[in-house]
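Trainee: Quick one, what's the 3D model for this:
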Amino acid sequence: MSLVLHPSDDVEIVTAPTEIGGTRLTPGHKLARHPLATGAAVRKFGQVIGYATTDIATGDHVHSHNCAFGAHDQDYRVSDGLDAARAALPAPGEATFQGYRRANGQVGTRNYIALVATVNCSGTVIRRAAEILNARLADEPAIDGVVAFAHGSGCGMAQTGTGADFLSRVLWGHATHPNVGAAVFVGLGCEVFQVARMKQAYGGNPDRFHGLTIQDNGGTAQTIDTIVARVMDLVPEVASARRTPCPASELKVALQCGGSDGLSGITANPALGVASDMLAALGGSPILAETPEIYGAEQLLLSRAADGAVADKLIERVRWWEAYTEMHGGSMDNNPSPGNKAGGLTTILEKSLGAVAKAGQGPLASVVDYAAPVTTPGLCFMDSPGFDPVSVTGQIAGGAQVVVFTTGRGSAFGSKPAPTIKLATNDALWQRMEPDMDINCGDVVSAQVPLADKGREIFDMILRVASGEATKSEALGLGDNEFVPWQVGAVM
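Mentor: Residues are numbered from 1 along each chain as shown. This is a model prediction of the structure:
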């Protein structure tokens, strides 16, 4: 059994286990539809995904042994497809969820208390305080928990520049996230990234800013006691929050894929794209990220850029990544990973074409820097690495209240304070890891479920999770170790 995705494709996709030349292929791998000479372009999705490194016969397995990364179309046709993209959005309707309306007008989907380390030195302190507090608040149903945002930076770094900006936006974005009812910043006291710096940069509103240092509080044990007492004083107000009906236009949803396979771009990703278009049509903001994993497909986003400024921002980010990887002796074809390749993905061009499908067909409304606030309704692209924890950390800092994560090989990813919904791209993964997966998208191929129907299923679950329904990753207790700010710049 096989599937042809576009009339101009040189390959067809295996949809059932198949043996070719003594090699057992899993669904998602590719077979040649016709002979390909050495050096010939290989097309999938109607786009170039690589070049033949040897002569390929009809029916041959097409993969890393005979297909390699090469040049892709960078003759960008900016906004040429904008009218079609606007027409692709569904008609606006009405949809609501039960959210927490904060005093500043933001809407949350969860009600956490956050402990935020300004430096790695205070990481142990906030983790221990969180353990004590979560035990005390275990019977408090109005609070989802106390989460410790610890990290490995905050000192040995420049006080200004890109790295400092990233860390500042990440920490403040999590502390003031709509899914957080109150937050406490905790530092050591002598680090580069001072608590006072956060207060100066973002203001000292006592309703949102609570800060202390280990050195001023007499050491580790005393600081833990102080944090616990401070948070217990905040509990009554945080616990008083109640869910009320809120329009879906208030939602910002992070779009992610990890452990992808050859079916990701055929099942879960385009189905999530349908849900993304539904959200965008309602005035919400789906947030695509992972710049290295749109490489080779950026032209699809640029063709539907809302204007030249949006396109220029995305092109500038792509060029930055090309220079960045070259400077460090790397390649933009660093992906796919070994697991991706085992699942049938051959080059970053192929992976990116599937990854971009998460963004649907609508206009690209905005492009923002890593961890910057997302303020424009409609599809947003956030610059980030392809490493899932780092990328999601940025999306959440930018305001995403829900994360949707597609996977073909399997993933144990979770996130806080925004819950993660996980989509399986194939039936075998669903059967093997159902306790970790929220929705099976493998039936798009195995049972010919229409993408429109699967997209509606995903969108409906987004609304239910936004209203408080627990995801599988939440039930498993995942999300405490996936807070990973992007570190760039000199470590000194």
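Trainee: any idea of the mean pLDDT for the longest strand along the chain?
Mentor: In terms of residue count, the longest strand belonging to the chain (DSSP state E) is strand 180-187. The pLDDT scores in strand 180-187 average 96.
Trainee: tell me which residues of the helix or strand of the chain with the lowest mean pLDDT are tucked away?
Mentor: Averaged element by element with mean pLDDT, DSSP states H and E, the chain has its least confident helix or strand at helix 195-202 (a mean of 74). Neighbour counts over helix 195-202 (16 or more other CB atoms under 10 Å) mark 195, 197, 198, 202 as buried. Using the backbone N, CA and C atoms, a C-beta is placed for each residue, glycine as well.
Trainee: what's next to the next helix or strand after it, contact-wise?
Mentor: Downstream of helix 195-202, the first helix or strand assigned by DSSP states H and E is strand 211-213. The contact list for strand 211-213 (CB atoms under 8 Å, 6 or more residues apart in numbering) reads 122, 184-189, 195-196, 198-199, 223, 226-227, 230.
Trainee: Next: stretch 39-46.
Mentor: Contacts for stretch 39-46 (CB under 8 Å, 6+ apart): 5-11, 13, 30, 36, 48-52, 62, 67, 70, 265, 350, 353-354.
Trainee: what about that stretch, how long is it end to end?
Mentor: 18 Å (CA to CA, to the nearest Å).
Trainee: try stretch 140-159
Mentor: 40 Å.
Trainee: quick one: average confidence on that stretch?
Mentor: 95.
Trainee: and if you look at stretch 225-245?
Mentor: With pLDDT averaged residue by residue, stretch 225-245 scores 97.
Trainee: Mark which of the contacts of strand 211-213 are buried, thanks.
Mentor: 122, 184-189, 195, 198, 223, 226-227, 230.
Trainee: Kindly reformat those as TSV containing distance to residue 57.
Mentor: What follows is these, written out as TSV (distance: CB to CB, whole Å):
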residue	distance to residue 57
122	61
184	65
185	63
186	63
187	64
188	64
189	68
195	66
198	62
223	68
226	72
227	67
230	70
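Trainee: ok, so of those residues, who is nearest residue 411?
Mentor: Distance to residue 411 across the buried ones among the contacts of strand 211-213 (CB to CB) is lowest for residue 122, with 29.6 Å.
Trainee: Could you report the separation of that closest one from residue 160?
Mentor: 22 Å (CB to CB, to the nearest Å).
Trainee: Please apply the same query to residue 211.
Mentor: From residue 211 to residue 160 the distance is 21 Å (CB to CB).
Trainee: Looking at those two, which is more packed in?
Mentor: Using other CB atoms under 10 Å as the criterion, residue 211 and residue 160 rank with residue 211 on top: 19 against 10.
Trainee: Tell me, how many residues neighbour the closest residue to residue 86 other than its chain neighbours?
Mentor: Nearest in space to residue 86, with sequence neighbours left out and distances taken as CB to CB, 6 or more residues apart in numbering, is residue 363 at 5.8 Å. If you count neighbours by other CB under 10 Å, residue 363 ends up with 24.
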